[in-house]
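Engineer: What shape does this take:
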Amino acid sequence: MLRTHTPVRPLTPEDREEALAVCARDPAANCFVAGRIEDGALHTVPGALLGVTGADGALRSLAWASANLVPVECDDAGIEAIAGRVRRLRRQCASIFGPIDQVAGLWDRLGPGWGPARTIRPEQLLMSTVVDPGRLPPDGRVRRARLDEVDLVVPAAAAMFTEEIGYPPFIGSSTAYRSVVAALVRSGRTFVWIDGGRVLFKADVGSVGVDAAQIQGVWLAPHLRGRGLAAPLMASVTSAVLREVAPEATLYVNNFNAAAIATYRAVGFRQVGTFATVLL
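Structural biologist: Alright, predicted model coming up:
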């Protein structure tokens, strides 16, 4: 059988609007990559965004290929093209994540050379809401973190990362990780409840693009869990995001995290898709 070649190329700033139009086909699923584009990554991280084109030269699908590999609107031909392009990036990619079918297709092709995976999260609920959770009283203690509070936020962020991923975000110096946390705080994307000089609750807006905002890094201090606090705290974050950041709030959560799923549903989030993550 004759194989057809599907062109794939690094995108440039001139491709910005067309790439965003591809992301806008599914804003909740493609928020991460759209956010990178809208934050200027086509200028600052040249070559990281790959585009798959059709016979007419128009963009059909995309993939962010940097520290993470994230497919956007990839069909089988697009997955094949992206996989062929990124096989040599094994040491640079810490994870593959995105819509379940696209991730599975990439891992089928890349796994033999990139594996074994550290962990595979085969089913994660992609959830979304466009409705302010007014029926659920928000917790007024939640606010945006200030830049002078970065050193308070870092331990909470590191604890969340360790619980979620299974290993700490840094060993030894925290300088690089602190700069990531500080960037989110500086941009007004970290929400906290701080009491007694300690962060008790935290959530970040990790990506904003094509009129959607992705909430991530949600963490509540262990000694406060199971007390009915999580839903009002998340309601506060969600309300602020919908009023001040984007008209759609999204997040994704592991299918085995029943408590978190119940919290998000209580706030008004509903499942709109299914993600998967391969941690390398």
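
Engineer: Residue 198 - how many residues pack around it?
Structural biologist: Using other CB atoms under 10 Å, the number of residues around residue 198 comes to 11. In this view, the C-beta of every residue, glycine as well, is placed from N, C-alpha and C.

Engineer: Let me see the contact set for it.
Structural biologist: Residue 198 makes contact with 152, 221, according to CB atoms under 8 Å, 6 or more residues apart in numbering.

Engineer: Next one: it from residue 138, what distance?
Structural biologist: 21 Å (CB to CB, to the nearest Å).

Engineer: Check residue 92 too.
Structural biologist: 40 Å.

Engineer: More neighbours: the two, which one.
Structural biologist: Taking other CB under 10 Å, residue 92 and residue 138 do not tie; residue 138 has more neighbours (20 against 14).

Engineer: That one falls within a strand, correct?
Structural biologist: No - assessed with DSSP: H, G, I helix; E, B strand; the rest coil, residue 138 is coil; it does not lie in a strand.

Engineer: Not counting sequence-adjacent ones, nearest residue to it?
Structural biologist: Take residue 138 and drop its neighbours on the chain: the residue closest to it by CB to CB, 6 or more residues apart in numbering is residue 236, 3.9 Å away.

Engineer: what's the helix or strand encompassing that neighbour in contact with?
Structural biologist: Per DSSP states H and E: residue 236 is located in helix 230-244. Helix 230-244 is touched from outside by 129-134, 136-142, 144, 191, 193, 201, 203, 205, 213, 215, 218, 220, 248-249, 259-260, 263-264, 266-269, with contacts defined as CB under 8 Å, 6+ apart.

Engineer: Buried ones among those residues?
Structural biologist: Neighbour counting by 16 or more other CB atoms under 10 Å classes 129, 132-133, 136, 138-139, 142, 144, 191, 193, 201, 203, 205, 213, 215, 218, 220, 248-249, 260, 263-264, 266-269 among the contacts of helix 230-244 as buried.

Engineer: and these, which of them are in strands?
Structural biologist: 129, 144, 191, 193, 201, 203, 205, 213, 215, 218, 220, 248-249 (DSSP state E).

Engineer: So which of those is the closest to residue 50?
Structural biologist: The shortest gap between residue 50 and any of those belongs to residue 213, at 24.3 Å (CB to CB).

Engineer: ok, what's across the strand from the closest one?
Structural biologist: Counting by DSSP bridges, residue 213 forms beta bridges with residue 208, residue 249.

Engineer: need the contact list for residue 168.
Structural biologist: Going by CB under 8 Å, 6+ apart, residue 168 touches 158, 161-162.
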